[in-house]
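Asker: sequence and predicted structure, then a few things I'm wondering about:
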Amino acid sequence: MDSRPIAARLDRRRFLQDSALGLGGLGLGPSALAQLLGRDGVDGGERRFAPRAPHFRPRAKAVIHLFMAGAPSQLELFDPKPELTRLEGQPLPQSIIGDQRYAFIRPDAGVLGPRFPFARHGESGAVLGEPLRCLRSVVDKLCIVRSIHTDQFNHAPAQLFFNSGFGQPGRPSLGSWVLYGLGAETENLPAFVVMSTGSGLSGGTALWSSGFLPAPYTGVRFRNGKDPILNLSTPTEYRGAAQADTFELLGELNRQRFDAVGDPAIATRIASFESAARLQVAAPELLDLKSESQETLTLYGCEPERPSFARACLLARRMIERGVRFVNIFHEGWDAHTDVRGNTLRNCRATDQATAALIADLDRRGLLDDTLVVWGGEFGRTPMVETNPALGRKLGRDHHPQAFTMWFAGGGVRAGTTIGQTDDFGFHIVEDPIHVHDVQATILHLLGLDHERLTYRHAGRDFRLTDVHGHVVRSMLA
Amino acid sequence: MPPFRFLGLVVCTLAVAATGQAPSYSAEVRPILADNCFRCHGPDAASREANLRLDVPGHGAGAEVRRRIAATARDEVMPPPHSGKTLTAGEIETLQRWLAAGGEYERHWSFVPPLRPALPAVARGGGLRPIDRFVRARLSAVGLHASPAADRTTLVRRLYLDLIGLPPTPAQAQAFVADERPDAYERLVDELLGSPHYGEHQARRWLDLARYADTNGYEKDRARSIWPWRDWVIRAFNADMPFDEFTVRQLAGDMLDDASPDDLVATGFHRNTMLNEEGGIDPLEFRFHAMADRVATTGTAFLGLTLGCAQCHTHKFDPITHREYYGLMAFLDNADEPDYLIPDAAADARVAANRERAAGQLAELWENWPAEVGERDVLFATWLERGRDRAVTWAPLRIRAARSNLPTLRITGRDDDTIVASGDITKRDTYRLELAASDEAITAIRLEVLPDDRLPARGPGLTYYEGRKGDFFLTELELTIGSGDAAHRVEFGRASASYSQNQFRRKSAAPALAFDGDLQTGWSTHGRTGERHVAVFVPRAPIPAGQSLQLVMHFGRHFASPLGKFRLAATSAAGGAEAIALPFDEAGTREGLLRLPDRNLSAADRRRLRDAFLLSEPAVAKQVATIRRLLGSAEHRTTLILRERPAGERRVTHRHHRGEFLQPKEIVTPHLPEALFDGGGEQPRDRLGFARWLVSTQNPLTARVVVNREWAAFFGRGIVATVDDFGAQGALPTHPRLLDWLAVGFMADGWSMKRLHRRIVTSATYRQSSRVTAEHLARDPDNLWLARAPRLRLAAEVLRDAALVVAGKLSTRRFGAPVRPPQPAGVTEIAFGRPKWRASEGADRFRRSLYTWQKRTAPFAFHATFDAPSGELCLAQRERSDTPLQALTLLNDPMMLELAGALGDQLAEVAGEHGSEAAVRHGFERVLTREPNGEELAALARFVARRTRDADDATAWAALARALFCLDEAITRS
């Protein structure tokens, strides 16, 4: 057996040829690395994300998840209930309410009629509330589901539940599971990206955490401002030749060390620095919207320098074009405990145009077919009014886990349909109840993953995103 | 989990070598059964198929099993296709051989108490320490050889990093390298074990297990004070507190005879659970989640069992039933969870000094009265007159009985007129009090809300989440005269209070809102926690004497807010009474003084009244604001503790169907799972008994779990690779006899952690070189058999601390409130409320990372990037990942740049004095402990030559420091 350190047996020239970006002397390129790490079990930063075959033929390759944190009112936007107008001010029958617990209101609060008129749109005749003026234009691309329900009635637990299948922190997020199941299509950008607009998030960073999956499956946050990824930019004094010299020195010394001690982890470390350097090039290119036409910017309502939901949506499209697997945009601000009308208008102003633009733009670029767009919040809002002089609230709606609306587009979902029905009060689902775990199972299914087979052994158990629940919703599939 | 599979592979390989023998049940058969069969044929009766159990002997189904696992038809083969499981040919063969040999069972290895094994005979084993004999025996069995010892420079760095979490300075390293005494290494070990930094480093892993953080978690994620517990852990490690004692104090220190304040602080271990303060939550639901977390954490930290799996149903793989899970929960479930004001003589002295200063300032104000606000003596006389007018005689209202929806109400006070409430509270609490009949007609009722050290923020309310600690919100007060058909409600006409304030400042709070029939309005003394206040309720018509009274008090808003301590009194003064505002009159003595004529007042009494006047006179409100702050200043630290409930107030624990909070079923009393309790001795009855059992010799698990975790800290992987799972699904030990030898030795050594660490680091196995050969990679890539020492990336905190040491910046100040070192802008703003990160000033920027403020929903970025946990769940072993984001952090994190600048300045100075090469050598040694070799020196020299040509010296040398910090070797323990 040759007992020389393994590096000594690799062709030194290969290292240099493979080094990326011509930075020189950086060390191992991906192919040499793959050769070196040609086995499982090494904590390889690169290999971990090698594309993996799905369980079956996927309909979607990537996901853009528009998470409407705070929970939009389905009763203002998607689920018209004229009965609430007729009964306005009267309490719901006890038989309807049962023993449901509420965050703020008392169960005997009177009902509140929808604050906006509804109308049918598109060839599909889908019903939308008036504030969704732009979404009308792409309504035939949507599969609207009015019968989603969840287990949680407080924000942080419900946001965690939707994004990780569990009401408390600690489980891998949807994006992490997808990355774990499918690997990455890009070596230059993180495969799971998170953006956030609006105010701070109830669920915090746990919403894109890898939980008990290895940490590199965590979503990478793209922030507003000059350093979109934490510590991305090289300080001025180290740019140019200084940076090149630094990478050369690092490559040289790390390689010498590798020769001396033979630990493959050093090769992985070298590769990580290489990836970091690629990211330093790729991320600014991604964020530079100069190549976008004025028409596109106008379509989204995006001012390139101003952080906004529109800019996040446009960036999401650019990420998908560059092979990013999962993009999460959190827009926080829908928690309408007071003035549900004003809240809805405000948030629609911030998101409606860009959301519709994203669908249209993906579609015209041929990306919508294999990109799944998901829109929705963590729960719905009550048919009953929230009025609380002690808190200065009036004409709002409380949290409602029993029924809410989401929509899906592209990526193999059935376009131009509306699924599910709630009772006359919008309180209970009366047709096609779809649980959050079903939504998760369906998203994975569209990506070619069987939610029952996508498991990870942790703490003595094979965990799934959907726990022991979830059914793929066939009626949502094209 | 790859390690598990690897182990299986190796074990199978070994087994093949011994073909012909029956396979070992524990080592070979059980893992196959556990993985493939137990889900439907295991401990859980609810999911059991065909009434067949394969996890215990006596099923008599051997022949059927042999046939079914070999079958090919879809409706015959086991495991069935829909399970997604298939047996490999090798696995089928193993099972067949096992069944053919009679299918003998063994108890799962970890449930059999460890016995001290004999040391294996090893060729050339003379002089080898026991650990090395166990390791060498395995090595020779697999045909590998131990590596030579690491060189001294590597060793000194390794030892420093492993024992105290800091790298040696070049001088410290040199001292060891030059020490020629034969026991130089042992001396260094002892020196480091005695270092005050030892506890700081060792505590970190315990903090991971305890899910320590400085915020409450969930949406609001507000600050909490539990760092005194963190300091307790550091001190315990430094003092080498025996692990059994360490365990008992943390789980049940409050229940020890004459429990000291430290013992109470120690119970913070299980107060590290999260607290949801989101608007409108059900507090009891999240208490239940916290209880589930406590059970799971206890399982991981002490038993190495995945108890959490039995929350919803009987464990699928391990012998823990659903009911037994709640039996374990019941041990931990009977405590209240107060904030603890830590007794502290220095704080007492500060309080006394504050009072004295306040008294001085009040006297000063009296003497130097600001004339522009009005005539002092006139104002005082008016105040006194008004007070005397209002001062009526109050008689205590005796409380005969007190009931509530849930909180525990205790009737106390000399006159049985005081209620102290504790225990669980809800969003709608109701107190029902039966009051003794009054001898006289009642014209007004006084409610005094009282502070108490046992209440959150000293009360008077019990609010502990969402709202301000110590607040209350009295929404309605119903007074009924008589009982039965004759009962009728008292109508109140007016009410007054010494102080009223709503938490929601735009909204009013007033005692009159407590009888307006609206449960959303009421009375509160927000902003004056820790103070006594009074509200006086005047009925429209006097209540006749001799009538029994029922008082119903409603509390609550969208968070729980009942009163924690209050007292009732009545007066018969004509026309009722008004509340008198006497600030800081906690005992109500000043109010008594108002009833005395001038001539009966002593000089001291007069001064008290004078001070009361000053503190409440609106004309000088501005002047007394600082005095008020002095008097109200909270000087004592608080920390979160457990306190066992008194006898008779036991919290009832239920089994919860499917683990759901809303599905409580039958009551469960504390008991140990049958599989863990061998029947010897008595079942423990309470938390203290449970804690003692955990660290008793009757428990086969704890000592093994602890030594395994410590082993993993030094070798990168445990003898049992799944450090958190010693159950059927866990990995098998690579060195079972070594594990038992260590566990038994640990107990025999009085559970001394320092001795255990000493034993590990003085072994030749630990002292080996970490060089990886091609043979290692080919034969044992994961280093199961320890033919070499591991190379391990430093933990986040060690990595940052090392940079602080190297840059000469580390502040060695220990203990105390968490600090906020610099981090990139925008990290915390993602969290709810977009909190800003205001970096600490001065030395607090450079404290050991352990003291960094830990916010659960937006963890310190540097730590998170290098795999530090968020404190949301118990974590037995961190990952060591390697990502591009880590590279960016090392290159560009503001803290790293600041440290590179500091080191660069020093190198520039060395270069100025001794030349460039000396500075290069110096920098290299500072960062990596060793000297550079010729090739390295050449590369470094080239870099420096280029950089000093292009940039000023400071920048050039900082660039070198920056590069050195990024080296793989700099962030690795070799």
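Answerer: Perfect, thanks for sending it.

Asker: tell me who's in contact with the residue lying closest to B:Phe492 once chain neighbours are set aside.
Answerer: Nearest in space to B:Phe492, with sequence neighbours left out and distances taken as C-beta to C-beta, 6 or more residues apart in numbering or on different chains, is B:Phe515 at 4.5 Å. (Glycine included, C-beta is placed from N, CA and C.) The neighbourhood of B:Phe515, defined by C-beta atoms under 8 Å, 6 or more residues apart in numbering or on different chains, consists of B:476-478, B:491-492, B:495, B:537.

Asker: what score does B:Phe515 have for pLDDT?
Answerer: Per-residue pLDDT puts B:Phe515 at 96.

Asker: against B:Glu925, how distant is it?
Answerer: 78 Å (C-beta to C-beta, to the nearest Å).

Asker: tell me, how many residues neighbour the residue in the stretch 201-350 of chain A positioned nearest to chain B?
Answerer: Across the stretch 201-350 of chain A, no residue is closer to chain B than A:Gly204, which sits at 2.6 Å (C-beta to the nearest C-beta). Residues contacting A:Gly204 under the criterion other C-beta atoms under 10 Å in any protein chain shown number 29.

Asker: ok, for it, nearest residue in space, not its chain neighbours?
Answerer: Closest to A:Gly204 by C-beta to C-beta, 6+ apart is B:Thr857, at 2.6 Å.

Asker: over to B:Val920?
Answerer: Distances taken as C-beta to C-beta, 6+ apart put B:Leu940 closest to B:Val920, at 4.7 Å, once the chain neighbours are dropped.

Asker: what's the helix or strand for the one you found?
Answerer: helix B:934-950 (DSSP states H and E).

Asker: ok and the residue in the stretch 401-550 of chain B nearest chain A?
Answerer: Checked against chain A (C-beta to the nearest C-beta), the nearest residue in the stretch 401-550 of chain B is B:Gln520, 4.7 Å away.

Asker: which regions of chain B sit below the pLDDT cut-off?
Answerer: Judged against pLDDT under 70, the low-scoring parts of chain B cover residues B:1-20, B:125, B:679-680.

Asker: please redo it, this time with the cut-off set to 80
Answerer: Scanning chain B with the threshold set as pLDDT under 80 gives B:1-21, B:26-27, B:58-61, B:84, B:123-127, B:505-506, B:583-591, B:678-681.

Asker: how does it divide up, domain by domain?
Answerer: Structural domains annotated on chain B: B:2-107, B:392-579, B:894-973, as defined by automatic domain parsing.

Asker: B:Thr247 is nearest to which of those domains?
Answerer: Put simply, out of the domains of chain B the one that sits nearest B:Thr247 is domain B:2-107, at 24.6 Å, with distance taken as C-beta to C-beta.

Asker: next one: that closest one to chain centre, how far?
Answerer: For domain B:2-107, the gap between its own C-alpha mean and the chain's C-alpha mean amounts to 40 Å (C-alpha atoms, centre = their mean, to the nearest Å).

Asker: next one: stretch B:512-529
Answerer: 35 Å.

Asker: what about the residue positioned nearest the centre of chain A, which helix or strand?
Answerer: Averaging the C-alpha coordinates of chain A gives a centre point, and the residue nearest to it by C-alpha atoms, centre = their mean is A:Asn328 (2.4 Å). According to DSSP H and E, A:Asn328 maps onto strand A:326-332.

Asker: first vs last residue of stretch B:565-580, how far apart are they?
Answerer: 19 Å (C-alpha to C-alpha, to the nearest Å).
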